[in-house]
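[1] Generate a structure from the sequence data that follows.
(4 chains)
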4 protein chains.
Amino acid sequence: MSGSVYGKNFTISTWGESHGKALGVVIDGCPAGIELCEEDIQKDLDLRKPGSNKFGTKRKESDTVHILSGVFEGKTTGTPISLVVYNEDHHSADYGNIAYTYRPGHADYTFDAKYGFRDYRGGGRSSGRETLCRVAAGAVAKKILSELGISFITYSKEIAGFSTDKIPSSKEEIFADPLYMADAEVSSLAQKRLTECIENCDSAGGIVECRIKGVMAGIGETVFDKLDSSLAKAIFSIGAVKGFEIGSGFEVALSKGSENNDNFFADENGIVSKKTNNAGGILGGMSDGDEIVFRAAFKPTPSIFKSQETVTKDGTNTTLEIHGRHDPIIVPRAVIVVEAMAAITLVDLIFSNMFARMDKIKDFYLG
Amino acid sequence: MSGSVYGKNFTISTWGESHGKALGVVIDGCPAGIELCEEDIQKDLDLRKPGSNKFGTKRKESDTVHILSGVFEGKTTGTPISLVVYNEDHHSADYGNIAYTYRPGHADYTFDAKYGFRDYRGGGRSSGRETLCRVAAGAVAKKILSELGISFITYSKEIAGFSTDKIPSSKEEIFADPLYMADAEVSSLAQKRLTECIENCDSAGGIVECRIKGVMAGIGETVFDKLDSSLAKAIFSIGAVKGFEIGSGFEVALSKGSENNDNFFADENGIVSKKTNNAGGILGGMSDGDEIVFRAAFKPTPSIFKSQETVTKDGTNTTLEIHGRHDPIIVPRAVIVVEAMAAITLVDLIFSNMFARMDKIKDFYLG
Amino acid sequence: MSGSVYGKNFTISTWGESHGKALGVVIDGCPAGIELCEEDIQKDLDLRKPGSNKFGTKRKESDTVHILSGVFEGKTTGTPISLVVYNEDHHSADYGNIAYTYRPGHADYTFDAKYGFRDYRGGGRSSGRETLCRVAAGAVAKKILSELGISFITYSKEIAGFSTDKIPSSKEEIFADPLYMADAEVSSLAQKRLTECIENCDSAGGIVECRIKGVMAGIGETVFDKLDSSLAKAIFSIGAVKGFEIGSGFEVALSKGSENNDNFFADENGIVSKKTNNAGGILGGMSDGDEIVFRAAFKPTPSIFKSQETVTKDGTNTTLEIHGRHDPIIVPRAVIVVEAMAAITLVDLIFSNMFARMDKIKDFYLG
Amino acid sequence: MSGSVYGKNFTISTWGESHGKALGVVIDGCPAGIELCEEDIQKDLDLRKPGSNKFGTKRKESDTVHILSGVFEGKTTGTPISLVVYNEDHHSADYGNIAYTYRPGHADYTFDAKYGFRDYRGGGRSSGRETLCRVAAGAVAKKILSELGISFITYSKEIAGFSTDKIPSSKEEIFADPLYMADAEVSSLAQKRLTECIENCDSAGGIVECRIKGVMAGIGETVFDKLDSSLAKAIFSIGAVKGFEIGSGFEVALSKGSENNDNFFADENGIVSKKTNNAGGILGGMSDGDEIVFRAAFKPTPSIFKSQETVTKDGTNTTLEIHGRHDPIIVPRAVIVVEAMAAITLVDLIFSNMFARMDKIKDFYLG
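    Okay, the predicted model is just below:
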């Protein structure tokens, strides 16, 4: 197997288990000359950190990132950037009862099926904690993109059935809300529902939306490595994602061509735009210059405190009550993970696009 | 760019334009010793062939496949298999009016943005015709999978808003229906709606569902190269796909953990199964031994005969009327494409899984 | 297996057997906008074509290349370029005696060990004929490089023990000589020796040298994907190569640091050069702006007409007399193959270098 | 750039600079179920550790490895293994004089040419210290290979012109000698010569030979990813390597086919072997079951204490005297690095070979 390395030219390699010594990521392919310090990364990590409010797991971790290589005198050098977060709060005892019993909705059974045994402490490699490496690498990717004028708005579009069409106008607005939603009223209803979930030892699902501005037309490859197919993989690689859609998404199944096609128009300078954006900013796998819009559906947290029927490692039927520290909702903490994966994917495809045309290569090489 | 190569260990490299001399695919990594002849591939190509019924484009092509390498005395040799389909019916004149005008919903504009110019004949590389290479490679992948007892049921789940929960029991049942649907009554309503679409110079969307049986537990890698994320990319790389979901898909956003978790149980032999399959056969990115179930939403054919507002290559506003030969619906012909991409992806991940455990490697090497 | 695809961003996928229907290559990642026609490729193919003089195999093939995709109105479009050469002259009968007997020095035995059986006709996939695909792809790579002012001098440095330090001044000079050597006198001695080889039913080895001018400093990655390590793989992937060296090569083992280090100096404009070139134009895995110089040692053609001891497929000791059409020397026909592989490798690393620096990426994206 | 990731299915990602906080490697694709502890890795690291004798640099580092992930209860879990060595002894002051002056024979100039600036402390990423990550990963690879019965003999074949044909019979024999040579007499002559080198502020080159036993026939892919081409890249990616050869190597240029071909023979059980091993255990890019034999030529340490002519970063001619701690010879410490890179490469190709044949895949999947 070789599934913890991602990206072709901007390549990240993540490692670490929930209750191991540390987690980390190596970024290979970050260009030289970008100002980078730990705080650039820490601020994103803090957005997914556990324990920030009553809907997050009570595990207490500072999740402090250390840059171990690839930065010299405050700038990236072009060599691999190694980022590490040391684990602090291992309450392995909390997880003892799951060493031999498969938790429904988790990877315990499939891990054993694949590898013969597993690091059962806190979900091991399949823990949501693995996503902090993605967030750390995503923060670096976003530094690159911000230099190109590309920006993100990613937020909780729907939680526990409460949804709104209001689009947040800034990151500040998003992260001011405890659920990272854009509409205080809807958020407050969702919070009420989540409190009920906690009381009922249950959990809820939701939807994250990501909108990306400033991507020039032509990014993405035309057949397999499309911008949309690449984003689909990136986002679906986040645990708990069960659905992904771009632009009008699943609604296209119900629309007509005359409704779904986005007409083009040109302004007085001949600059081409689309009148609508059902395409979500992507045509034929390539960015069309419009805002890129996609959504991901997250399942309810599988760790619930209700008693569940399941089996043990040796094939005996049993019931399981999970204890410990778990979010009743994955969505808010997943917001920054979605953004990170999109950013990493976009950087990779922007690099690939640099050698699409001979005239541009000549400019680069000879100029 | 380098986006027409797909797969890590079972690698396909596709080529060809809608109105060029030929289209083809090179398969690198097909194991030796599989019986393979052109008919094995042709029967799948025939399922996506244009002109088979009144809802398919009227372009007449025999789409005859030729095996140019990699097979000796009726068996694969382990060396690259080159498959070619020569183009016959080029009516380039049909497409002359789109050389300078961007068709809404198509890749014309983004192609020019990326490469500076494009082969405009019939959509060039972004034509749906490109998918015949995927179907050809998929037929080879399915030969491998069928030796492992893995089988597919892929069909039109929804067309133009008409949907049913009936699951087809066989491929014969699917392909007997003109729309590759499983329910004759629903299909007949959908056909009526499509006839209206044609009369209105419009088109419709729909949903393809794919169900895969016989996949052992543990296939797929745990972090980035998950089985679901890999399928997401595979399916989203097919033109016109705007949404993808596994198992309960987008519905998980509305469910609770206690509803969505699939409980495990063991039979008298200790064999582990799940009581439900909301997970769609995948847990933690790995197959769980259950049926794999996913769906893809296809947008309506963008080539409609209605007049549309758009711009020319030099940035002038204009209107466009597309003529020629186009399906009012993509879905039925996409059925076999979806199956092909899923098969190719699955073979690749089955190969990767072969070196997951040291004891299995030892058996292979020493045994 | 997955070993017929080469290159990361400029990716070639080759296919075809010596006596199959055809051989070909798909190039994925060729930039758009390069003028390309079949003659550009044919002229290189003609340099490795069999039958051109008495030291080449007598097999008669026109080796005519066809461009099947990726070129429109005389220019590359950025989509995959499919190149095919159809086989004409199959004398399979010539090879009948080797179906069950392993030829010494050939891949017959290892092919069977790996795959269980093989296409034995003319060496199948392991035939030298496979290299025509490399030459075809190399011709395209050299079109790219020539636009960047990069040029090659590749020639037979040593044949059958006859060697000279004279460096050819042009391609014309090289290809005017029947052995592609730079010194007529030395060539004539080598030719005499080869004639003796033919009379003795034997064969000879030699050395190819390649010199590349115009490569800017900084091409190649610093750790694994060095320019020299990448060239080493590229050249060693050509059948019959048993040694590879850069610059002073194996002689460095005998030199001192004070002799082997190339001192730097600056001209009046501050342009940095080296006083000597023991490094062969590569320092720390990156081009240093100097001429790149490397050599490859080729073993004698293993197909000799002398009787040889060997075994059959079922493990019986026997003797084998090979008949048919074989070169007594591989080197001259390998010259253009070496050049092709170097060109393909260089293009790939030039692409990778385009995103080494943030300022350059910004220029590209925003400029 | 993306050059610090190596391997397709057994993938290593290295990071770290000579004088940064730490160096490390992430191994993705190590099978589950291998017993692994830090001592398994430490013993190889100790063989390349600086300061072990008078011919090694005087830098004092304990080079203690830490396993941060991927091992649970003493066994590999199949998830990424993160190995870290923290730097202790930074005497950055030693290197201050090279911040603005390019050292001949080093990557200083090319680093600046590529990235615009560099971490100049101790050679930064291009330091020989980078190789400890390869050694650490190599130790893990060798654990895998030893379970398959594959073993290595790697040693200093030639140092400063002193060479011998004696092949060591054990690792103990090799590492008992201060120069890791197999012949005490020759070693003692070489040591005397190195002492002269030190006195003369100069350095010397040499040759490492690696011999691998127990590799089954058929490992390696037939075209680009040959066993020999893959080893060539692996070994040439080690700094200071300027030549690489397999089996008879460069001598083949002078031999005849009748001499160079290795005749096959079968024993009474029909087991096929070769009478000689000019091929170095590789035919047509695949292992032939015989011992694999290759050699690499290392240039003299470029850091010499003699005054050298060079230029500054701003293009001024100057002279440079390097001070600090440097080996007069790279070869002995490179022995374990060569072995590591060969082991990593071999594991990767053994994995690729597992899906070469359909019957083997079936056994794996269904058995």
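[2] Report the contact partners of residue A:180.
    For residue A:180, the set of contacting residues under the criterion of C-beta atoms under 8 Å, 6 or more residues apart in numbering or on different chains consists of A:155-156, A:174, A:331-332, A:335. C-beta coordinates here come from the backbone N, C-alpha and C atoms, glycine included.
[3] for residue A:84, same thing?
    A:22-24, A:65-66, A:68, D:68, D:84.
[4] would residue A:280 count as being in a helix?
    No: Residue A:280 is assigned coil when assessed by DSSP: H, G, I helix; E, B strand; the rest coil, not a helix.
[5] Just give me the neighbour total for it.
    When counting by other C-beta atoms under 10 Å in any protein chain shown, one arrives at 25 neighbours for residue A:280.
[6] tell me the contacts of it?
    For residue A:280, counting by C-beta under 8 Å, 6+ apart, the contacting residues are A:228, A:246-249, A:292-294, B:242.
[7] Relative to residue B:269, which of these is nearest.
    Here the nearest of the contacts of residue A:280 to residue B:269, counting by C-beta to C-beta, is residue A:249; it sits at 42.9 Å.
[8] Tell me where the model's unsure across chain A.
    Low-confidence segments of chain A, defined by pLDDT under 70, are located at A:1-2, A:50-54, A:56-59, A:89-96, A:325.
[9] how far is the longest helix seen in it from where the chain is centred?
    Among the segments of chain A that qualify as a helix by DSSP state H, the longest is helix A:331-353. With C-alpha atoms, centre = their mean, to the nearest Å as the basis, the distance from the averaged C-alpha position of helix A:331-353 to the chain average is 7 Å.
[10] Just the angle for that helix relative to helix C:331-353, thanks.
    Interaxial angle, helix A:331-353 versus helix C:331-353 (axes from the mean of the first three to the mean of the last three C-alpha atoms, to 10 degrees): 140 degrees.
[11] So helix A:331-353, near chain C or not?
    Yes: using C-beta under 8 Å from any C-beta of the partner chain, helix A:331-353 reaches chain C at A:350-352.
[12] how many neighbours does residue A:8 have?
    Burial of residue A:8 is recorded as 16 neighbouring residues (other C-beta under 10 Å).
[13] surely it meets residue C:7?
    No: applying C-beta atoms under 8 Å as the test, residue A:8 and residue C:7 come out as separate, 12.0 Å apart.
[14] picking that back up, packing partners for the longest helix of chain A?
    helix A:38-48, helix A:131-147, strand A:151-159, strand A:206-213, helix A:227-236, strand A:292-298, helix C:358-366 (3 or more C-beta pairs under 8 Å, 6 or more residues apart in numbering or on different chains; DSSP states H and E).
[15] wait, which of these is closest to residue A:15?
    Within those, the stretch nearest residue A:15 is helix A:131-147; the backing value is 7.4 Å (C-beta to C-beta).
[16] about what we covered before: which one among the residues of helix A:331-353 next to chain C gets closest to chain B?
    Chain B has its nearest neighbour among the residues of helix A:331-353 next to chain C in residue A:352, at 5.6 Å by C-beta to the nearest C-beta.
[17] what's around the closest one, how many residues?
    Residue A:352: 24 surrounding residues under other C-beta under 10 Å.
[18] Is it correct that it is in contact with residue A:7?
    No: Residue A:352 sits out of contact with residue A:7 when judged by C-beta under 8 Å, with a separation of 10.4 Å.
[19] give the contact list for residue A:159.
    Counting by C-beta under 8 Å, 6+ apart, residue A:159 touches A:179, A:181, A:187, A:190, A:193-194, A:204, A:206, A:329, A:331-332.
[20] now, which of the residues you listed lie within helices?
    Among the contacts of residue A:159, the ones falling in helices (DSSP H) are A:187, A:190, A:193-194, A:331-332.
[21] Which one (most neighbours) among those residues?
    Top of the ones in helices among the contacts of residue A:159 by neighbour number is residue A:331, holding 31 neighbours under the definition other C-beta under 10 Å.
[22] Apart from its chain neighbours, what residue comes closest to it?
    Among residues not flanking residue A:331 along the chain, residue A:206 sits closest, at 3.8 Å (C-beta to C-beta, 6 or more residues apart in numbering or on different chains).
[23] Quick check: bridge partners of that neighbour?
    When bridges are assigned using DSSP bridges, the partners listed for residue A:206 are residue A:159, residue A:298.
[24] where does residue A:304 sit relative to residue C:178, distance-wise?
    With the distance defined as C-beta to C-beta, to the nearest Å, residue A:304 ends up 81 Å from residue C:178.
[25] ok, now residue A:352?
    Using C-beta to C-beta, one gets 44 Å for the distance from residue A:352 to residue C:178.
[26] Ok, residue A:359 next?
    41 Å.
[27] what about those two, which has more around it?
    Remark: of residue A:359 and residue C:178, residue C:178 carries more neighbours, 18 against 13, as counted by other C-beta under 10 Å.
[28] For that one, give me phi and psi.
    The phi/psi pair for residue C:178 (degrees, to the nearest 10) reads phi -60, psi -30.
[29] I figured it was touching residue C:187, is that so?
    Yes: Residue C:178 is within contact range of residue C:187, at 7.1 Å (criterion: C-beta under 8 Å).
[30] what residues are shared contacts of the two?
    Both residue C:178 and residue C:187 lack any common contacting residue under the criterion C-beta under 8 Å, 6+ apart.
[31] Go through stretch A:113-133 and flag the buried ones.
    Buried positions in stretch A:113-133, judged by neighbour count with 16 or more other C-beta atoms under 10 Å in any protein chain shown: A:113-133.
[32] Could you tell me which of those residues are located in helices?
    Secondary structure defined by DSSP H assigns A:113-115, A:131-133 of the buried residues of stretch A:113-133 to helices.
[33] and the gap between the nearest residue to residue A:98 once chain neighbours are set aside and chain C?
    Spatial nearest neighbour of residue A:98, chain neighbours left out: residue A:120 (5.7 Å); criterion: C-beta to C-beta, 6+ apart. Distance from residue A:120 to chain C, counting by C-beta to the nearest C-beta, to the nearest Å: 34 Å.
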